[in-house]
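Novice: make a model of this:
(one chain, ligands or ions: 1)
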Amino acid sequence: MAPRCSNCNQPLTGPYCSQCGEPVRNPDDLTLRGFLIKSAATLLDLERGLFGTLHRLVTKPGQLTQEFLRGRRKTQVHPFRLFLMINVLYFFLQPMLLSNTYNTRLKGHMNRQYYSPQVRQMITQTLATRKIDFETYAEQFDKTTSKLTSLFMITLVPLLALITAFLFRKAGVPAVGHLVFALHFFSFFLLLGSIGFGLVLHGLFILYKAMGWKAGSLFNEVVLSSSMLMIAMFYLQPAFRRVFGGGFWRSLGMAFVIGLLLFPIIITYRYGLFLVTWVWV
Ligand SMILES: [Zn+2]
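Specialist: Numbers count the residues shown, from 1 in each chain. Take a look at the predicted model:
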């Protein structure tokens with residue numbers, strides 16, 4: 001007599017139920033020792049899965065997407081889950097980060113952007129009608145913006161997916177592939193471009209201050225933006241080749257196109273974030 005699944009009563013033929021995935025009952029499951037061993041293994045598995053995924057995300061651009069498309073999904077954290085996890089990490093670390101690409105404070109909106117004149121006008125009007133001072137308003141604004149950032153960042157994913165779907169329309173990759181590619185790219189970009197780069201800059205800034213050097217020239221918008229562009233391009237070129245095929249120069253050209261497109265995308269993103277926060281506060 002074949003043993004039956006304890007969950008759905010299907011006859012069992014392997015270590016897992018072929019119907020519902022329930023593992024075969026093990027006498028060890030209900031001993032304290034078995035439970036502890038299982039708990040440790042779960043933790044280790046989780047860690048191996050996450051670190052393995054992060055390692056491949058950073059060192060092998062495009063490999064996670066490629067594996068996902070080939071149906072090898074067991075060895076990686078699901079792309080959306082990975083993106084959310086890195087988002088949460090970013091959310092907690094962002095007060096420490098100097099280069100806030102995604103989350104712009106009110107002062108940043110008012111001074112450094114192409115749309116700054118319009119923002120200044122809107123804010124002046126808002127302050128006048130509500131009769132509150134700038135500091136109070138700015139504090140409320142910045143608090144709300146950092147809450148909206150993670151939510152808003154998700155909108156960048158389908159946007160990039162649409163762009164690669166257009167640029168690589170002959171590569172024969174399904175729509176989901178473009179979405180997964182975008183999730184992986186922004187996971188990487190957040191992890192290295194924002195968290196990693198931000199922490200490095202923060203460290204440099206502290207060093208400069210300690211040495212009594214002037215840091216202003218190092219941290220201007222042009223240096224920051226071109227560093228981000230370089231990071232994006234060095235990642236996208238091999239990633240494109242792996243996932244969409246094509247030669248070295250073609251993928252380099254495409255990486256450059258997307259790298260340049262990131263600027264208007266990020267500016268539009270910032271402006272959108274400003275408008276939503278302005279309406280919200
Ligand atoms: Zn079952």
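Novice: just checking, what packs against the helix or strand harbouring residue 275?
Specialist: According to DSSP states H and E, residue 275 maps onto helix 248-280. When contacts are defined as 3 or more C-beta pairs under 8 Å, 6 or more residues apart in numbering; DSSP states H and E, helix 248-280 packs onto helix 116-130, helix 134-153, helix 156-167, helix 221-244. (C-beta placed from N, C-alpha, C; glycine too.)
Novice: which elements pack onto the last one?
Specialist: Spelled out, that is helix 221-244. helix 63-69, helix 175-188, helix 197-211, helix 248-280.
Novice: for it, buried residues please.
Specialist: Going by neighbour count (16 or more other C-beta atoms under 10 Å), the buried part of helix 221-244 is 224, 228-229, 231-233, 235-244.
Novice: distance of residue 75 from residue 111?
Specialist: From residue 75 across to residue 111, the span is 47 Å (C-beta to C-beta, to the nearest Å).
Novice: er, residue 39 actually
Specialist: The gap separating residue 39 from residue 111 is 52 Å, by C-beta to C-beta.
Novice: so where's the protein uncertain?
Specialist: 1, 95-104, 150, 214-222 (pLDDT under 70).
Novice: what does it put close to the ion?
Specialist: 5, 7-8, 10, 17, 19-20, 22 (C-beta under 5 Å from the ion).
Novice: how about those residues in a markdown table, adding neighbour count and distance to residue 64?
Specialist: Output for those, formatted as a markdown table (neighbours: other C-beta atoms under 10 Å; distance: C-beta to C-beta, whole Å):
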| residue | neighbour count | distance to residue 64 |
| --- | --- | --- |
| 5 | 19 | 33 |
| 7 | 13 | 32 |
| 8 | 11 | 33 |
| 10 | 14 | 33 |
| 17 | 20 | 29 |
| 19 | 13 | 30 |
| 20 | 11 | 28 |
| 22 | 14 | 29 |
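Novice: so which of these belong to helices?
Specialist: Assigned to helices by DSSP state H, none of the residues of the chain next to the ion qualify.
Novice: nearest to residue 274 among these?
Specialist: residue 20 (49.1 Å; C-beta to C-beta).
Novice: which one is the closest one nearest to, not counting chain neighbours?
Specialist: residue 8 (4.7 Å; C-beta to C-beta, 6 or more residues apart in numbering).
Novice: wait, the one you found touches residue 21, no?
Specialist: No: using C-beta atoms under 8 Å, residue 8 is not in contact with residue 21; the gap is 9.6 Å.
Novice: center of this structure - which residue?
Specialist: Nearest residue to the geometric centre of the chain (C-alpha atoms, centre = their mean): residue 187, 3.1 Å.
Novice: thinking it is in contact with residue 57, fair?
Specialist: Yes: proximity of residue 187 to residue 57 meets the contact threshold set by C-beta under 8 Å, at 6.1 Å.
Novice: between those two, what contacts are shared?
Specialist: Common neighbours of residue 187 and residue 57 (criterion: C-beta atoms under 8 Å, 6 or more residues apart in numbering): residue 82.
Novice: could you measure residue 147 against residue 272, distance?
Specialist: 15 Å.
Novice: correction: the previous question concerned residue 112.
Specialist: 16 Å.
Novice: wait, what's in contact with the nearest residue to residue 245 once chain neighbours are set aside?
Specialist: Using C-beta to C-beta, 6+ apart and skipping residues adjacent in sequence, the residue nearest residue 245 is residue 171, 5.8 Å away. Applying C-beta under 8 Å, 6+ apart, we find residue 171 in contact with 243-246.
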